[in-house]
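>>> Sharing a model that was predicted from the sequence below.
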Amino acid sequence: MLATIEKNITWFLACKTHDVPTNGGVCVKYNDDQIALFHFARRGEWYATQNECPHRQQMALSRGMIGSQSEEPKVACPFHKKTFSLKTGECLTGDECSIKTYEVKVEGNNVFIGVAQS
Amino acid sequence: MKIIVVGNGMVSYKFCEKLIAKAATNSFEIIVFGEEIRPAYDRVHLSEFFSGKSADDLLMAPATWYADNNIVLHTGDPIQQIDRSNKTVHSFKGITTSYDVLILATGSSAFVPPIPGVEKDGVFIYRTIEDLEMMTAYAKKAKTGAVIGGGLLGLEAAKAMIDLGITDTHVIEFAPRLMPRQIDEAGSNILKAKLQTLGLKIHTSKNTAEILGNGCISGMLFSDDTKIEVDMLVISAGIKPRDELAKLSGLEVGTRGGIVVNNKLQTTDPDIYAIGECALFEGMVYGLVAPGYEMANVVASNLVEASLNLPIHRETLEESASSINLSEKEALQDPPLGGGGACFSPYDMSTKLKLIGVDVASFGDPFVAGDNVRSVVFEDTMKGIYKRINISGDGKQLLGGILIGDAEQYNMLLQTVKNKVVLPPNPEDVILGSRGGESDGGAGVLSLPDEAIVCSCESVTKGMICGAVTEGGCETIDAIKKCNKAGTGCGGCVPMVKDIMLHTMKAQGKYVRNVLCEHFNYSRQELFDLVKIHELKTYDEVLDKLGSGDGCELCKPPVSSILASLWGEMILKKGNDTAQDSNDRFLANIQKGGTYSVVPRIPGGEITPDKLIVIGQVAKQYNLYTKITGGQRIDMFGAHLNDLPAIWEQLINAGFESGHAYGKSLRTVKSCVGSTWCRFGLHDSVSYAIRIEERYRGLRSPHKLKGGVSGCIRECAEAKSKDFGIIATEKGWNLYVCGNGGSKPQHALLLATDLDDETCIQYIDRFLMFYIKTADTLTRTATWLNKMEGGMDYLRNVVVNDSLGMSQQWEAEMQVLVDCYKCEWKEAIENPEIRKRFNHFVNAPEVKDPTVVFEDMREQKKVKDWK
Ligand code: SRM
Ligand SMILES: Cc1cc2nc3c(=O)[nH]c(=O)nc-3n(C[C@H](O)[C@H](O)[C@H](O)COP(=O)(O)OP(=O)(O)OC[C@H]3O[C@@H](n4cnc5c(N)ncnc54)[C@H](O)[C@@H]3O)c2cc1C
Ligand code: SF4
Ligand code: FES
C-alpha cells in the first residue's frame, strides 16, 4: 500500500478517480476498516466517511445516495434513509450518532484518503 | 456537582437529556442506576412491541448516547440503600458512591390486588419488555384470555391479547363503566359497544373473587358466583408508585403510595428529589409521561441555575460579580442546592389515545356539572361516536369534554380550554363543525394565542412552531421536529403542528403544494410533463434545467422513475446509476446485514422442472436461502454484492430474466391454474397472465404494480387485491383496477365487463399510462384513485370512453416501452463498466464484506439479527 505520513495524518492511495461513480460512492478497505469514499462531481468535491451506518450498524453508507440539504452535502443510508453531513459527519435526521469523516486529496488520477494517527 | 439518578425509565432519560442540554460542559458528573437490563425505553409505545417493533426500536437512546454525553450508566443494578447522613447510595452489585444531589426516578409498578390465586402461572402484568416477552411465550398455548382492569392500560393490554392471537378475550372492570377516570357513563356505553363488535367481551361492575386452576390459571370466579374459563390473564388494575427505597431511607411517602414532593420536586430531604411516576405532588401521582417530563425539566433547570452558585465556580463568579452589581453578589451568599426559580404546578391530565382502533379522548374537566355549566352532547350510536363538551354558563368558555369514536378535534378543543379561547356564538359548532355559516367554527389554529402549548411532551408553544417556520426556515414536520422537538414525544400533536406549519407558510405568501423536495419546486405530475417537453434524459440534466442545488434521496428516485417511464432506457446508463434508489442501483433488494436478494421472473407462476433445478443449483452454489414468495415465485436471499453478476449470469444462461423485485415497476401477474387443468376454469388464465406479465415487465411507475388473472369467479389468483385484476366470465374477462394488499388493503373496483383479450389489454395500457403520468411519487393505484376527483366513474370515463382524447397516444407510448424492453440484468453483466460496480471494496474487488454474518436455521441460513 502506498502511504505517506504528514502532520499525524497517514495518506493512503484508495483508488483511481475513474473507479468512483460520478455523484456516488464506493467502499475502500483500509486494513480492517471500511471507508466510504464519495465523488460529489456536481460540486467537484470528494468526501470520505466511515462506511458503517450508526443507526443499525450496517456497512452501507458507500451505497447510499448523496445530495444536499440547503448547502450541506449529505449521504442517505440505503437502509432507513437516515442522512449524514459529508462535511461534519453530523446526523441530519433525528438523534442518530454522528459518523467519522476523513480527508481526501486527489493527485492526478489518484485518490488518497487521510487517516489520523492514533 | 455530582448527581445520582436512581431509575432509568422515561423520566430519568428526559432528565439527563434536559440537564445536558441546559448545562455548560462538565459542570455535572452524572451517574444513573437502572434496575432493568436495558437503557430507558419508550414505555408509552410498549404495545408496539407486538406490532413488530424490537426492544432496540423502543430505546429512548442507545447506551452509547450516555457514554457520548459523559453519563455513567449502570443497568441491571438497582440501588438498595441510601445513606442520607453520609450522602451515599449502595447498589445491588455492591457499588457505593456519594452524591451531592440524588434524583429518585423509580417510576411505578403494576398494582396487583390481593386476589387468591394471583401467583398462578399464566397471570401477567403489563409494564416492562420482559413482561411482554413472557406473555408472548405463554400466549402460544392459550386460547382464551382475560384482563382485569377496564382503564386505559387494561384496554391496551386487551389489545395486546388480540395482537397475540387470543381473539377470545374478556375485560373485567370493577367500576360500572370503562375508563372511569376519563369518560362518563354514556361515553363508556358507546366505547363498550364498539369494543364488543371487535370481539372483546366486556364485563363491568364485576369483582374477581378467585383465580382458579391447578398451578396454571384455568378460570376466574367472581363475587357474584359466576365463572369464566381462561388460559391467560393480565392484571392491569392500576399502578403502585415505587416508593420502597424512599420509605426505607426515612423520606415521607403518602398513605396510598408515592414519594411526597414540594413544588420544586424536593422530598423531605432537600438534596433528594423525586420525579415521574414515583412522585406524589399535592396528593396526586401522575401516571402519564408529559407531567413526568415537566418535572424533569423543572429539576434540571433549577440544578443548572444552582450550579452557577456553587463553591467551585464561586471565585470566578465573585471576581466578576464584585464589579457588576450587588444583587448578583447577594445571590452568592447562600447557595441552596435546588437553586433556581422554576416550579411544578398541577398538571393537565387530558389524554387522547387510540384504543383498538377507537379514538378516545378526554380533556379539561370531562365531568363538571352543576348550575353554572352547560353540557352539549352529540351521540351517533350507529357510527359509535360520542362527543360531550362542558361550557361555562355564559357560553363563552370551554371547560372540558369527552370524545369517543372521532377525536379529530381533540388538539383544538384542548387548546381552547387551556388558553381560554372565547367560544363561537354557537358553541356546538366546535364539535359539529359550523353548518352553513361562513366561519370555521371560530376555533381554527389561527385563533390560538402564541403562548398556547401545542406539544405538551416537549413544552413547545404555537409561537415556537411559527418561529421555526418564519425564522428557522422549517417547511416539513421533520425539520420542525429537529428544530424544537415538537411532536417527538407521544406524537399526538403532529397533525396540529402540521396545520400550524402550513398556515404559517401560507401567511408568509408561500404557495404550499406537493413539491418533491427542496430541489424541485414541482409535483411529480408537473415534472413528468416538463421532462417530456424538454426531452431531458439524465438526472443531472433534469436538475440543471428544472431544479436547484445538488438533489437528494427524495428527488432522485422519482426523477429516475420518470426518465425510465418516458424513455425506456437501461436505468444504470448515462450516469443515471447513482440517481437510482439503492435497490435499483444494484438491481436487487438490500437486506438486513447488507446482502441482496435474487428474484428471477417466473411469469404467471409457471416454471419448468429444469428451471427449478437451475434455481436449486445456483442457490446451493452460492449458499442462498430460498423461499417461495407471496407473489408466486422464488426468492433467493443472502447474496453478497460481489456474487450478484455471476449468479445472474448463470440464471440468464438458463433462460431466466430479471424479476424487477427491486424496482417500482411491475412485479408479478399472479394466476390460478385456469381452464387447462381446473374443472371450473372458463379460460386459460395462465397463458393470459404470462402474456400480460411479459407485456409490462420492466415498466417503471410511481410505485410498484401487481396484477392477477383468475380463471373463474372463485378467484383463486386473488386478482381483486391487485393494481389490475382480471377475472374470467362466460363471455370474456372482467377487468378490475386499483386494488391493494399491504397495510391498507382495498379491493379493486370493476372497470369494464366481458372484454375480449385485446380490448382488455388496451384498457390496461390506457389505465397504466394515465396512472404513470399523474400519480404522486410512491402512490399505489388504490391511493391514486382514492384521491381522484370523481373516483371510479371519472376513471372509467377516461379509460373506457376516452373522455380526455388521450387513448391513442397512451397506447402508442405504451407500445414503445413494450418494444424497447430489455432484461436489465443481462445488460448489466455484459457491460464491464456496470459490472465492476458490483464489488464491495473498490480496492480489493475479490474480498466480500467481512462483516456479513449468517446463522443456521432449519437447514438453511439466516442473517444475524441486527444489534
Ligand atoms: C419476498 C416477499 C415476501 C415473501 O417472502 O413472500 C416480499 C418482500 C418484500 N416486500 Fe412485499 N413481498 C412480497 C409480497 C408482497 C405482497 C403479496 C403479493 O404480491 O401478492 C404484498 C401485498 C400486495 C400488494 O402489494 O398490494 C406486499 C406488500 C408490500 C408492501 C406494501 C405495499 C403497499 O401498497 O402498502 C411493501 C412496502 C413498499 O412497497 O413500500 C413491501 C416491500 C417489500 C420489501 C421489498 C421490503 C424492502 O424494501 O426490503 C421486501 C423485500 C425482501 C427482499 O429482500 O427481497 N411489500 N409484498 C414477497 C415477494 C413477492 C414477489 O415475488 O415479488
Ligand atoms: C402499557 C403502557 C402504556 C402507557 N401508555 C401511556 C400513554 O399513552 N400516555 C402516557 O402519558 N403514559 C402512558 N403510560 C405511562 C408511562 O409509561 C409512564 O408514565 C412513564 O413511563 C413514567 O416514567 P418514569 O420514568 O417515572 O417511570 P418508569 O418508566 O417506570 O421508570 C422507572 C424505572 O426505575 C427503575 N427502578 C425502580 N426502582 C429502582 C431502584 N431502586 N434502583 C434502580 N432502578 C429502579 C424501574 O425498574 C424502571 O425501569 C403507559 C404505561 C404502560 C405500562
Ligand atoms: S417481507 Fe414484507 S411483510 Fe414481511 S417483513 Fe418484509 S416487508 Fe414486511
Ligand atoms: S442502518 Fe442506516 S439508516 Fe438504518
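Good, I have the coordinates. Numbers count the residues shown, from 1 in each chain, chains lettered A, B, ... in the order given. Ligands and ions are numbered 1, 2, ... in the order given.

>>> Neighbours of B:Asp225, how many?
7 (other Cβ atoms under 10 Å in any protein chain shown). No exception for glycine: its C-beta is placed from N, CA and C like everyone else's.

>>> go on, B:Ser47?
17.

>>> got the residues of chain A near ligand 4?
Chain A comes close to ligand 4 at residues A:53, A:55-56, A:58, A:77, A:79-80, A:82, as judged by Cβ under 6 Å from any ligand atom.

>>> Give me the subset of these lying in strands.
A:53, A:58 (DSSP state E).

>>> Using ChimeraX, define a selection of the buried residues within the residues of chain A next to ligand 4.
A single ChimeraX command selects the buried members of these (16 or more other Cβ atoms under 10 Å in any protein chain shown):
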select /A:53,55,56,58,77,79,82
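
>>> Let me have the residues of chain A next to ligand 4 in CSV, extended by pLDDT and distance to B:Leu749.
Formatted as CSV, the residues of chain A next to ligand 4 follow (pLDDT from 0 to 100; distance: Cβ to Cβ, whole Å):
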residue, pLDDT, distance to B:Leu749
A:Cys53, 93, 42
A:His55, 87, 40
A:Arg56, 87, 40
A:Gln58, 93, 41
A:Cys77, 93, 38
A:Phe79, 90, 36
A:His80, 84, 34
A:Lys82, 88, 38
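
>>> okay, the residues of chain A next to ligand 4 in a markdown table with distance to B:Lys506 next?
Output for the residues of chain A next to ligand 4, formatted as a markdown table (distance: Cβ to Cβ, whole Å):
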| residue | distance to B:Lys506 |
| --- | --- |
| A:Cys53 | 37 |
| A:His55 | 35 |
| A:Arg56 | 38 |
| A:Gln58 | 40 |
| A:Cys77 | 34 |
| A:Phe79 | 36 |
| A:His80 | 32 |
| A:Lys82 | 30 |
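
>>> Could I get the contacting residues of B:Val454?
B:411, B:415, B:448, B:460-462, B:465, B:486, B:493, B:496-497, B:500 (Cβ atoms under 8 Å, 6 or more residues apart in numbering or on different chains).

>>> Around B:Gly509, how many other residues sit close by?
B:Gly509: 6 neighbours (other Cβ under 10 Å).

>>> Output the residue ranges of the helices in chain A, listed in chain order.
Assigned by DSSP state H, the helices in chain A number zero.

>>> Quick test: name the residue nearest the centre of it.
A:Ala48 (2.1 Å; Cα atoms, centre = their mean).

>>> What count of nearby residues applies to the closest residue to that residue other than its chain neighbours?
Once flanking residues are discounted, A:Ala48 sits nearest to A:Tyr102: 3.9 Å by Cβ to Cβ, 6 or more residues apart in numbering or on different chains. Counted by other Cβ under 10 Å, the residues lying close to A:Tyr102 total 22.

>>> A:Tyr102 against A:Gln34, yeah?
No - applying Cβ atoms under 8 Å as the test, A:Tyr102 and A:Gln34 come out as separate, 11.6 Å apart.

>>> and the closest residue to A:Ile99 other than its chain neighbours, how far is that from chain B?
Counting by Cβ to Cβ, 6+ apart, A:Ile99 lies nearest to A:Gly89, which is 4.3 Å off, once chain neighbours are set aside. Note on A:Gly89: its distance to chain B, by Cβ to the nearest Cβ, to the nearest Å, is 13 Å.

>>> Also A:Asp33?
Taking Cβ to the nearest Cβ, one finds A:Asp33 at 11 Å from chain B.

>>> Please report how far that residue lies from A:Val104.
Distance of A:Asp33 to A:Val104, given as Cβ to Cβ, to the nearest Å: 15 Å.

>>> which of these two has more neighbours?
Neighbours were counted for A:Asp33 and for A:Val104 using other Cβ under 10 Å; A:Val104 has more, 19 against 13.

>>> check contacts around the more buried one.
With Cβ under 8 Å, 6+ apart, A:Val104 has these contacts: A:14, A:37, A:46-48, A:111-114.

>>> if we can go back for a sec, could you report the distance from the residue nearest to the centre of chain A to chain B?
Where chain B is concerned, A:Ala48 sits at a distance of 12 Å (Cβ to the nearest Cβ).

>>> So that residue sits against A:Ile35, correct?
Yes - the pair formed by A:Ala48 and A:Ile35 meets the contact definition of Cβ under 8 Å, at 5.4 Å.

>>> Now do the shared contacts for the two.
A:14, A:28, A:102, A:113.

>>> hey, what's the second one bridged with?
The bridge-partner assignment for A:Val28, based on DSSP bridges, gives A:Ile35.

>>> Counting neighbours, what do you get for it?
Residues contacting A:Val28 under the criterion other Cβ under 10 Å number 26.

>>> now swap in the last one and tell me
Neighbour count of A:Ile113, defined by other Cβ under 10 Å: 21.

>>> and it, what pLDDT?
According to the prediction, A:Ile113 has pLDDT 96.

>>> likewise the third one?
At A:Tyr102, the pLDDT value in this model is 95.

>>> now it: how far from A:Val115?
For A:Tyr102, the distance to A:Val115 - Cβ to Cβ - is 6 Å.

>>> Where does chain B get nearest to ligand 2, residue-wise?
Per Cβ to the nearest ligand atom, B:Gly9 is where chain B lies closest to ligand 2, at 1.7 Å.

>>> Find the nearest non-adjacent residue to that residue, please.
Nearest to B:Gly9 is B:Gly107, by Cβ to Cβ, 6+ apart, at 4.5 Å.

>>> For the one you found, give me its contacts.
Contacts of B:Gly107 by Cβ under 8 Å, 6+ apart are B:7, B:9, B:11, B:241-242, B:276-278.

>>> Out of these, which is nearest to B:Ala588?
Taking Cβ to Cβ as the measure, B:Ala588 lies nearest B:Gly9 of the contacts of B:Gly107, at 42.1 Å.

>>> count of residues packed around the closest one?
25.

>>> So it is in contact with B:Ser108, correct?
No - contact between B:Gly9 and B:Ser108 fails when scored by Cβ under 8 Å: they sit 9.1 Å apart.

>>> roughly how far apart are the residue in chain A that ligand 1 sits nearest to and A:Thr49?
Closest to ligand 1 within chain A is A:Phe79: 9.1 Å, counting by Cβ to the nearest ligand atom. Going from A:Phe79 to A:Thr49 by Cβ to Cβ gives 15 Å.

>>> doesn't B:Ser675 fall inside a helix?
Yes - counting by DSSP: H, G, I helix; E, B strand; the rest coil, B:Ser675 is found in a helix.

>>> With ligand 1 as the reference, measure out to it.
Separation of B:Ser675 from ligand 1 (Cβ to the nearest ligand atom, to the nearest Å): 22 Å.

>>> again, but for B:Ala619
B:Ala619 is 14 Å from ligand 1, by Cβ to the nearest ligand atom.

>>> So what's the residue count around that residue?
B:Ala619: 20 neighbours (other Cβ under 10 Å).

>>> And for B:Met179?
Neighbours around B:Met179, by other Cβ under 10 Å: 24.

>>> before we move on, what about B:Gly551?
27.

>>> and if you look at B:Pro176?
B:Pro176 has 11 nearby residues by other Cβ under 10 Å.

>>> which ones are touching it?
B:185, B:204-205.

>>> Put together CSV for those residues, with secondary structure on each row.
Formatted as CSV, these follow (three-state DSSP):
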residue, secondary structure
B:Glu185, helix
B:Thr204, coil
B:Ser205, coil
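
>>> in chain B, which helix or strand is least confident?
Least confident helix or strand, chain B: helix B:326-333 with a mean of 38, by mean pLDDT, DSSP states H and E.
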